[in-house]
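Undergrad: the following comprises the amino acid sequence and a computationally predicted model.
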Amino acid sequence: AAVVSQPAWLWLTRRVEKRNVWLLYNAFNAVTNIMFVVVGEGDPVLCVLLVFCNGLPLGAQFLTDSIVADVIDYDEFLTGVRSEGRFTIGQSLLPKIVSVPAATVPLTLLVFLGFNEPDESGRPQDQSPRVTTFIKVVFFGIPFLCCVASVALKASFPIKSETIRRQVREGCALHMQGLPAVDPLSERVVHPIAFSDAEQLEQWRLDHFF
């Protein structure tokens, strides 16, 4: 599904502002996730169909990297330092940290709630209503609410147009020439940061560890 949908997402970004497509991708992910609550026992066709629909937003994951690149550009404009490493490491490390408790805690709680393991032949066993309800709430309901909250938070992302992105890049170029530039978001004049030798050494030392 992700392979099929990626060209469509790319086509959409060429016709609609990238930030708006990014928000649509996150909202689409939330909607297709909560739809799994309607799947009941003995609905393999519906389940496979919803899995396909849920995979469609994955084709737009490249938009997250593009948005992070915009943030890196703006950070360079404000600080005078290019910090791809900090942002990309944080972008990849934080989901891994969250995934550990997100994967282990619900499975542990399922055991306490009385989850019935498959028999020796691998045949699934009937589950109690509290187990099925827990699965729907934890694996579909809570992720849906988190996605909705993330969309609401991301809606305030201030780099909303190619004009702003171009002004940020032009501001970085002016700073490299030692000239001030207007911040396209706050509309205040930002002067390039000049480090003393001691400050430059300290910056390099911190860059080594962070």
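TA: That came through fine.
Undergrad: so for the most centrally placed residue in the chain, what's the pLDDT?
TA: Geometric centre of the chain, nearest residue: Thr64, 5.8 Å, by Cα atoms, centre = their mean. Per-residue confidence at Thr64 stands at 90 (pLDDT).
Undergrad: helices of this protein, start to end?
TA: Applying DSSP state H to the chain gives helices spanning 2-13, 18-34, 44-55, 62-79, 84-112, 129-136, 142-154, 162-176, 197-209.
Undergrad: so which of those helices is nearest Ser121?
TA: Ser121 lies closest, by Cβ to Cβ, to one member of these: helix 44-55, at 19.0 Å. The way it works is simple: take the backbone N, C-alpha and C, and place the C-beta from them, glycine included.
Undergrad: now the closest one: buried residues?
TA: Within helix 44-55, the residues that qualify as buried are Leu50, Cys53, Asn54, counting by 16 or more other Cβ atoms under 10 Å.
Undergrad: these two touch, right, the second one and Asn33?
TA: I take that to be Cys53. No: if you go by Cβ atoms under 8 Å, Cys53 and Asn33 don't touch, sitting 9.7 Å apart.
Undergrad: what touches both of the two?
TA: Between them, Cys53 and Asn33 share no contacting residue under Cβ atoms under 8 Å, 6 or more residues apart in numbering.
Undergrad: for Leu109, give its distance to Phe139.
TA: According to Cβ to Cβ, to the nearest Å, Leu109 and Phe139 sit 11 Å apart.
Undergrad: for this structure, give me the ranges with low pLDDT.
TA: 209-210 (pLDDT under 70).
Undergrad: any idea how many residues pack against Ser4?
TA: Heads up, residue 4 is Val, not Ser. Neighbour count for Val4, taken as other Cβ atoms under 10 Å: 11.
Undergrad: who are the contact partners of it?
TA: Neighbours of Val4 in contact, by Cβ under 8 Å, 6+ apart: Leu56, Gly59.
Undergrad: let the chain start at 19 from now.
TA: Let's use 19 as the start, then, which means that last one is Val22.
Undergrad: distance of it relative to Thr82?
TA: From Val22 to Thr82 the distance is 19 Å (Cβ to Cβ).
Undergrad: ok, Asp137 next?
TA: 42 Å.
Undergrad: repeat for Cys165
TA: For Cys165, the distance to Thr82 - Cβ to Cβ - is 13 Å.
Undergrad: for Ala216, same thing?
TA: Using Cβ to Cβ, one gets 38 Å for the distance from Ala216 to Thr82.
Undergrad: do Leu28 as well
TA: Counting by Cβ to Cβ, the gap from Leu28 to Thr82 is 14 Å.
Undergrad: and if you look at Val63?
TA: In terms of Cβ to Cβ, Val63 sits 32 Å off from Thr82.
Undergrad: Ala45 too?
TA: Taken as Cβ to Cβ, the span from Ala45 to Thr82 is 14 Å.
Undergrad: next one: His193
TA: Per Cβ to Cβ, His193 is found 27 Å from Thr82.
Undergrad: now swap in Phe95 and tell me
TA: Following Cβ to Cβ, the distance that separates Phe95 from Thr82 is 21 Å.
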